[in-house]
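Undergrad: What follows is a predicted structure for the sequence shown.
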Amino acid sequence: MSKDNVYIEILHHDKNSKARYGILHTLHGDCELPMFMPVGTQATVKCLSPDQVKACGSGVILANTYHLALRPGEDIVAQAGGVQKFMNYNGPMLTDSGGFQVFSLSELRKIKEEGVTFKNPLNGDKIFFSPEICMEIEEKIGADIAMVLDECVHYPATYEYMRDSVERTLRWAKRCKEAHNRKDQALFGILQGGEFEDLRKHCAEELIKLDFDGYAIGGTSIGEPREVEYKMVTYASKYMPEDKPRYLMGVGSLDMIFDGISKGIDMFDCVLPTRIARHGALMTSRGRINILNAKYKYDFSPIDDECDCYACKNFTKAYLHHLFKAGEEFGKTLASIHNIRFLIRNMEMAREAIKQDRFEEFRKETMEKFGSERGF
């Protein structure tokens with residue numbers, strides 16, 4: 001990979017797992033790995049300013065190609081100087097391709113070999129996304145990392161459908177690679193294949209032949225049982241190249257993040273921390289709490305006494321309980337700050353544990369204290 005683009009530098013491998021510590025180098029700054037990436041779907045992390053996201057320790061954050069193409073339109077983002085300048089985020093960014101919308105908007109789209117036709121939920125117009133159009137939009141948006149267009153398949157799927165879908169995803173990936181011209185923007189391939197190891201292996205091997213700048217695992221966290229999710233990541237991760245960034249898409253629960261790290265995954269993203277925060281659910285070192293519960297009305301302790309976020313250092317559970325009960329938006333902001341910082345702080349601690357060859361010990365201690373095998 002060209003050193004003037006996005007590339008990974010691995011500095012240490014944990015001796016007791018496949019976890020690895022390194023640096024992701026980008027034109028908009030360097031980020032330590034492994035890392036959690038907050039999601040800013042429409043060029044904003046909901047309820048937070050870019051400075052607040054930065055204060056949480058963020059590196060890369062995500063924006064969504066499909067949603068930005070709907071509004072304000074990729075040409076406006078380009079005229080602003082790219083997505084970083086448009087939203088005033090001083091750091092690296094990544095754009096999803098719209099592949100997840102192939103899954104999430106299944107009632108509003110039709111898939112064919114040429115691409116995907118969506119029904120615009122804003123006005124009912126038809127929108128067509130081909131691999132070539134997707135690349136054109138992502139180049140105009142201008143994030144450091146662009147993702148190829150893929151098909152994210154519903155679970156469960158038959159072997160036959162998944163096999164055909166993988167072949168389509170591979171053809172689309174090749175078309176994306178051929179259409180992608182922006183030299184200062186990395187392009188990641190997306191590894192699909194569902195719960196079938198031979199399809200995951202085949203997809204990985206064919207994507208590697210195309211020599212992408214990084215590789216992502218797609219098609220997880222879409223409603224499958226936890227044991228299937230673990231299996232999917234196991235099947236996919238073993239075939240990913242060592243010298244490229246590895247990204248597990250759409251995962252924000254602590255157990256799945258730790259599982260991914262132990263299998264050598266570097267990057268994670270999810271809307272989970274901000275989505276549940278807006279409903280009063282808070283991640284803490286001792287498990288998840290609902291700040292709307294009556295018991296917090298007179299609780300003048302911080303959300304989490306082990307957390308160093310702005311919310312925990314300055315406010316109490318009683319205050320957040322009041323804000324949510326009163327319908328004050330500031331409560332959503334504080335809760336979102338806390339949840340994002342909670343995940344990023346756990347990544348910081350995970351990185352230190354990897355450097356000390358004690359990641360698995362750290363993982364066990366953290367999850368035991370959290371009080372659940374499922375970290376959300």
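TA: In hand now; what should we look at? In this text the structure is predicted, and so the values were computed from the model without any measurement.

Undergrad: buried residues in the strand or helix carrying Ile340?
TA: Using DSSP states H and E, Ile340 sits within helix 329-355. Judged by neighbour count using 16 or more other CB atoms under 10 Å, the buried positions of helix 329-355 are 331-348, 350-351, 353-354. Backbone N, C-alpha and C define where each C-beta goes, glycine included.

Undergrad: and the gap between Thr158 and Leu170?
TA: In this view, Thr158 and Leu170 are 18 Å apart by CB to CB, to the nearest Å.

Undergrad: Comparing the two, which residue is more hemmed in?
TA: Leu170 (21 against 11; other CB atoms under 10 Å).

Undergrad: my read: that one touches Ile208, true?
TA: No. Under the criterion of CB atoms under 8 Å, Leu170 makes no contact with Ile208, lying 11.2 Å away.

Undergrad: Low-confidence ranges, the stretch 201-350 of the chain, go.
TA: Scanning the stretch 201-350 of the chain for pLDDT under 70 picks out no residues.

Undergrad: which residues in it form helices?
TA: If DSSP state H, counting those that start in this stretch is used as the criterion, the helices of the stretch 201-350 of the chain fall at 226-237, 254-262, 272-277, 310-314, 317-326, 329-355.

Undergrad: Please identify which of these is closest to Cys203.
TA: Closest to Cys203 of the helices of the stretch 201-350 of the chain is helix 226-237 (CB to CB; 8.1 Å).

Undergrad: what's the burial count for Tyr161?
TA: Residues lying near Tyr161 (other CB under 10 Å) number 13.

Undergrad: any idea how far it is from Val116?
TA: In terms of CB to CB, Tyr161 sits 16 Å off from Val116.

Undergrad: Leaving out sequence neighbours, find the closest residue to Ile344.
TA: Taking CB to CB, 6 or more residues apart in numbering, and ignoring the residues beside it in sequence, Ile344 has Gly57 as its nearest neighbour in space, at 4.4 Å.

Undergrad: my bad, Trp172
TA: Nearest in space to Trp172, with sequence neighbours left out and distances taken as CB to CB, 6+ apart, is Pro131 at 4.6 Å.

Undergrad: Let me see the contact set for that neighbour.
TA: By CB atoms under 8 Å, 6 or more residues apart in numbering, the contact set of Pro131 is Gly115, Val148, Leu149, Trp172, Ala173, Arg175, Cys176, Ala179.

Undergrad: ok, now Ile261?
TA: Neighbouring residues of Ile261 by CB under 8 Å, 6+ apart: Ser17, Ala19, Pro34, Ala350, Ile354, Phe359, Arg363.

Undergrad: Among these, which are located in helices?
TA: Using DSSP state H to define helices, the subset of the contacts of Ile261 located there is Ala350, Ile354, Phe359, Arg363.

Undergrad: how about those residues in JSON lines, adding distance to Val6?
TA: Compiled in JSON lines, the ones in helices among the contacts of Ile261 are given as follows (distance: CB to CB, whole Å):
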{"residue": "Ala350", "distance to Val6": "22"}
{"residue": "Ile354", "distance to Val6": "21"}
{"residue": "Phe359", "distance to Val6": "25"}
{"residue": "Arg363", "distance to Val6": "28"}
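
Undergrad: Could you work out the most separated pair of those residues?
TA: Ile354 and Arg363 (10.4 Å).

Undergrad: any idea how far the closest residue to Met283 other than its chain neighbours is from Thr41?
TA: Closest residue in space to Met283, ignoring its immediate chain neighbours: Phe342 at 4.4 Å, by CB to CB, 6+ apart. Distance, Phe342 to Thr41, by CB to CB: 20 Å.

Undergrad: same deal with Ala173?
TA: According to CB to CB, Ala173 stands 23 Å off from Thr41.

Undergrad: Contacts only, for the residue at minimal distance from the centre of the chain.
TA: For the chain, the residue nearest the mean C-alpha position is Asp269 (1.8 Å; CA atoms, centre = their mean). By CB under 8 Å, 6+ apart, the residues touching Asp269 are Phe36, Met37, Pro38, Val39, Leu62, Leu94, Tyr247, Met249, Gly250, Val251, Gly252.

Undergrad: would you turn those into TSV with distance to Glu197 and neighbour count?
TA: Formatted as TSV, these follow (distance: CB to CB, whole Å; neighbours: other CB atoms under 10 Å):
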residue	distance to Glu197	neighbour count
Phe36	27	27
Met37	27	24
Pro38	32	26
Val39	29	22
Leu62	28	21
Leu94	27	28
Tyr247	20	26
Met249	19	24
Gly250	20	22
Val251	19	24
Gly252	25	26
